[in-house]
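J.: what follows is a predicted structure for the sequence shown.
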Amino acid sequence: MSEKKLVIKNIFWDVDGVLANLNHAYYCFIKNHPMFKEHFKQYEYKDLPIALPVETKKFGAMELKSHPTLGVDLDREFCASNDYYFDRPLYPGTAKILRELNDMGYLQMTMSAGFNMDKKKELLRRVLGGLDFLRIEVVEHDKAGMEQGSTKEAKMLAVLEKLGAKPEETVLVDDRIYNIYSAIKAGVHPVRFRSEFTTDSPADLKDVPEVENIYQFKDWLLKNTTMK
């Protein structure tokens with residue numbers, strides 16, 4: 001007997017590293033910013049995990065703050081340098097698939113985190129321009145040293161309650177490990193997005209579905225879930 005399919009009607013999208021190529025922005029930044037270009041001049045794009053070592057237990061994806069010596073400076077200057085901060089192109093096929101899912105009736109929302117909420121909203125408006133059906137939601141990073149990552153758990157539950165939607169009928173697509181745990185705590189179904197340079201999930205997340213691009217996510221969604 002086949003397993004009963006999940007009922008999924010709502011999709012929370014992380015943006016950086018899922019819909020938009022944050023690695024591109026990071027690479028352009030470290031290669032061209034006058035404060036750092038000399039330090040990183042020997043690295044090519046494929047060397048990003050060496051230039052910016054990935055913190056595996058918490059992040060599992062590229063993060064400036066996890067650099068062992070320059071993390072604070074890198075993060076501060078990146079957020080202050082608009083030419084690099086806003087340079088996050090959508091991954092191929094993203095707009096097409098999101099429109100298709102909208103036409104199918106899915107409620108789609110961003111669940112993107114940052115320290116400056118106004119600037120993050122402006123980023124999302126620029127990156128996701130033309131996708132007017134997307135409900136833009138942002139969440140503030142935990143200011144206590146990012147020990148708990150972002151507060152996505154509480155934010156997701158608040159948004160769903162406001163909309164009269166159910167956590168168990170919702171999926172979060174995210175690349176960062178701490179946000180996968182947040183989804184589980186919230187009763188939302190997580191799918192881990194494995195773009196380039198992400199690291200393997202811990203053993204206790206081995207049953208969380210993983211996809212490498214948005215086409216794979218749509219295939220997973222249609223194969224394993226239903227809207228009824």
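T.: On my side now, so go ahead.
J.: could you pull out the helices for the protein?
T.: Under the criterion DSSP state H, the chain contains helices at 22-32, 48-51, 71-80, 82-85, 94-103, 117-127, 152-163, 177-186, 214-224.
J.: among these, which comes closest to Lys65?
T.: Closest to Lys65 of these is helix 71-80 (Cβ to Cβ; 4.6 Å). From N, CA and C alone the C-beta is placed, and that goes for glycine too.
J.: got the buried residues for that closest one?
T.: The neighbour-count check on helix 71-80 (16 or more other Cβ atoms under 10 Å) flags Gly71, Leu74, Asp75, Glu77, Phe78, Cys79 as buried.
J.: now, which of those sits nearest Asn116?
T.: Of all those, Asn116 sits closest to Cys79, with 7.0 Å by Cβ to Cβ.
J.: so that closest one sits right up against Lys120, yeah?
T.: No - counting by Cβ atoms under 8 Å, Cys79 stays clear of Lys120, with 9.9 Å between them.
J.: JSON lines please, covering the helices of the chain and showing mean pLDDT and distance to Thr199.
T.: Shown next, in JSON lines, are these (pLDDT from 0 to 100; distance: least, Cβ to Cβ, whole Å):
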{"stretch": "helix 22-32", "mean pLDDT": "98", "distance to Thr199": "13"}
{"stretch": "helix 48-51", "mean pLDDT": "96", "distance to Thr199": "9"}
{"stretch": "helix 71-80", "mean pLDDT": "96", "distance to Thr199": "17"}
{"stretch": "helix 82-85", "mean pLDDT": "96", "distance to Thr199": "24"}
{"stretch": "helix 94-103", "mean pLDDT": "98", "distance to Thr199": "23"}
{"stretch": "helix 117-127", "mean pLDDT": "94", "distance to Thr199": "24"}
{"stretch": "helix 152-163", "mean pLDDT": "96", "distance to Thr199": "20"}
{"stretch": "helix 177-186", "mean pLDDT": "95", "distance to Thr199": "8"}
{"stretch": "helix 214-224", "mean pLDDT": "98", "distance to Thr199": "18"}
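J.: in JSON lines, list those helices along with distance to Glu38.
T.: Below are these laid out as JSON lines (distance: least, Cβ to Cβ, whole Å):
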{"stretch": "helix 22-32", "distance to Glu38": "10"}
{"stretch": "helix 48-51", "distance to Glu38": "13"}
{"stretch": "helix 71-80", "distance to Glu38": "14"}
{"stretch": "helix 82-85", "distance to Glu38": "17"}
{"stretch": "helix 94-103", "distance to Glu38": "34"}
{"stretch": "helix 117-127", "distance to Glu38": "28"}
{"stretch": "helix 152-163", "distance to Glu38": "37"}
{"stretch": "helix 177-186", "distance to Glu38": "32"}
{"stretch": "helix 214-224", "distance to Glu38": "36"}
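J.: out of those helices, the one nearest Asn10 is which?
T.: helix 152-163 (7.2 Å).
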